[in-house]
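how would this look folded up:
(one chain, ligands or ions: 1)
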Amino acid sequence: MTANDTASAFTSLYGHAPTGVWAAPGRVNLIGEHTDYNEGFVLPLALPHTVEAAVRPRTDGRLRVHSGQAPDGLTHDLAVGELTPRPGGGWVGYPAGVVWALRDAGHPVDGADIHLNSDVPTGAGLSSSAALECAVAFALNDVYELGLPATALARFAQRAENAFVGVPCGVLDQMASACCTEGHALHLDTRDLAQRQVPFDLASLGLRLLVVDTQVKHDLADGGYAERRAGCEAAAASLGLPALRDLSLDDLDTALAALPDATSRGLVRHIVTENDRVNRVVALLDSGQVRDVGPLLTESHASMRDDFVISCPELDLAVDTANAAGALGARMTGGGFGGSAIVLVEEDAVDPVSAAVHGAFAAAGHRPPRMFPAVPGPGARRLR
Ligand code: GAF
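All right, here's what the predicted structure looks like:
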């Protein structure tokens, strides 16, 4: 996939050249899961996989969108003035939602022709939706000269997903796609979007981060995600806190004793310990103790499996098998209920660990996983 291919496809489709081509990446989250809508900490890195958007503005109030990956092959033609939130409306809701969110805030976006081209795996917990939203948001920001900073574009992308598509996600994925930089993980405080780029160069240390896409498709709209979010918000309210971010590790036991049931105790324990793990991982990266990050990844997985209850047999098998085969640590990444795991591994253990995971999936009768190394790439940008 190249920007020139995406531009040529645009030209054949619409009969005129695009103004430009923009790209926004998918992500893996190194640690800090479900902490974002609890106003806590996350540590994502951008994948080299991107959604590319070739875009040309229109002045007649029409929004035409086409995706090279959509099975229907259709070009959808919508009136920007009539866009209304439509939960469950399919992939068109992501670009349409970004146009709607910008216009709803008073930005003069009068229409566009858009062609999308993606190599971010979908339903794999790698943020294909946020990448799509960010590619479109960055393109519209440029072609309409809106002058919005990356953090504002990420917020518009999140609003598109929350209010237009109807998925109550936090801001992790959109901020990762908008603000990650090559060679770094993004330490983000999701309360005020304060951020720091943390150097993350595993190759120079003889290490690798493997992504294991279990091929179990997950959908954030399927209810489990919204249920966890509602449970966290209810627990914070019952503890008299603005958000679970405001509960410290020191006060955790007292808070747990005050909660009425095991489900809410599990949610709270995961969020408080996970925020602490994010900050411990950042401290280890800062002090060059990168191998010591491994056990914290595995602890995070156990917390999501046992306390937050968002893992699945394939994710557990990937994590357990990788660790038994010599990985330094592993965890599921993203929303859960399927999708991908990440594995921190010594370079010379990549082959045995990969073979062990493939073998375990075959023996269990699961679909073969897709595995690839994650090397932190750049965030959203104009390609041409
Ligand atoms: C999904 C959501 F979109 C994010 O906002 C975040 O909550 C993540 O799940 C879990 O950390 O990717």
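
Contact partners for the residue of the stretch 1-150 of the chain at minimum distance from the ligand?
Residue nearest to the ligand within the stretch 1-150 of the chain (Cβ to the nearest ligand atom): E33, separated by 3.9 Å. All C-beta atoms are positioned from the backbone trio N, CA, C, and that covers glycine. By Cβ atoms under 8 Å, 6 or more residues apart in numbering, the contact list for E33 reads V42, E274, S300, M304, F308, R331, M332, T333, G334, G336.

among the residues you listed, which are in helices?
E274, S300 (DSSP state H).

Which among the contacts of E33 count as buried?
If you count burial by 16 or more other Cβ atoms under 10 Å, the buried members of the contacts of E33 come out as V42, E274, S300, M304, F308, R331, M332, T333, G334, G336.

nearest to I114, of these?
Closest approach to I114 among those (Cβ to Cβ): G334, at 25.6 Å.

Neighbours of the residue nearest to that closest one when sequence neighbours are not counted, how many?
Closest residue to G334 apart from its sequence neighbours, by Cβ to Cβ, 6 or more residues apart in numbering: G125 at 3.0 Å. Counted with other Cβ atoms under 10 Å, residues neighbouring G125 total 30.

G125 contacts T333, correct?
Yes - assessed by Cβ atoms under 8 Å, G125 is found in contact with T333 at 6.0 Å.

who touches both of those two?
G339, S340.

A helix includes T11, no?
Yes - counting by DSSP: H, G, I helix; E, B strand; the rest coil, one finds T11 located in a helix.

pretty sure it contacts V21?
No - the pair T11 / V21 is not scored as a contact, 11.2 Å apart, by Cβ under 8 Å.

Which of the two has more residues huddled nearby?
More crowded of T11 and V21, by other Cβ under 10 Å: V21, with 23 against 14.

is it true that that one touches R382?
Yes - with contact defined as Cβ under 8 Å, V21 and R382 form a contacting pair (7.4 Å).

what pLDDT does A150 get?
Looking at A150, its pLDDT is 98.

now it, nearest residue through space, not along the chain?
Closest residue to A150 apart from its sequence neighbours, by Cβ to Cβ, 6+ apart: A178 at 4.4 Å.

before we move on, the earlier item: contacts only, for the residue nearest to G334.
By Cβ under 8 Å, 6+ apart, G125 lies in contact with D213, H218, M332, T333, G334, G335, G336, G338, G339, S340.

Put together JSON lines for the residues you listed, with pLDDT and distance to the ligand on each row.
Supplementary listing: the contacts of G125 in JSON lines, determined by pLDDT from 0 to 100; distance: Cβ to the nearest ligand atom, whole Å:
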{"residue": "D213", "pLDDT": "98", "distance to the ligand": "14"}
{"residue": "H218", "pLDDT": "80", "distance to the ligand": "9"}
{"residue": "M332", "pLDDT": "98", "distance to the ligand": "10"}
{"residue": "T333", "pLDDT": "98", "distance to the ligand": "8"}
{"residue": "G334", "pLDDT": "97", "distance to the ligand": "5"}
{"residue": "G335", "pLDDT": "96", "distance to the ligand": "3"}
{"residue": "G336", "pLDDT": "96", "distance to the ligand": "7"}
{"residue": "G338", "pLDDT": "96", "distance to the ligand": "12"}
{"residue": "G339", "pLDDT": "97", "distance to the ligand": "9"}
{"residue": "S340", "pLDDT": "98", "distance to the ligand": "11"}
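
Keep only those of those that are in strands.
D213, M332, T333, S340 (DSSP state E).

Of those, which pair is most distant in space?
Taking every pair in these and measuring Cβ to Cβ, the maximum separation is 11.3 Å, between D213 and M332.

in this protein, which strand has the most residues?
In the chain, taking DSSP E as the definition, the longest strand is strand 44-57.

hmm, that strand touching the ligand?
No - using Cβ under 6 Å from any ligand atom, strand 44-57 never reaches the ligand; the gap is at least 9.0 Å.

start at 14 instead
Will do, 14 is the new start, and the previous item becomes strand 57-70.

hmm, back to that, please enumerate residues in contact with the helix or strand where the residue nearest to A163 lies?
Using DSSP states H and E, A191 maps to helix 185-192. Helix 185-192 is contacted from outside by 37-40, 42, 45, 49, 55, 57-59, 140, 142-144, 146-147, 150-151, 163-164, 166-168, 170-171, 174, 199, 201, 203, 206, 208, 392-393, using Cβ under 8 Å, 6+ apart.

How about stretch 204-212?
52-53, 56, 164, 167, 184, 188, 192, 194, 196-202, 256, 258, 295, 298-299.

Just the buried ones from those, in ChimeraX syntax?
Only the buried entries of the contacts of stretch 204-212 go into this ChimeraX selection, using 16+ other Cβ under 10 Å:
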select :52,53,56,164,167,184,188,192,196,197,198,199,200,201,256,258,295,298
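
In helices, which of the contacts of stretch 204-212 fall?
Within these, residues falling in helices by DSSP H are T164, A167, M188, C192, V295, L298, D299.
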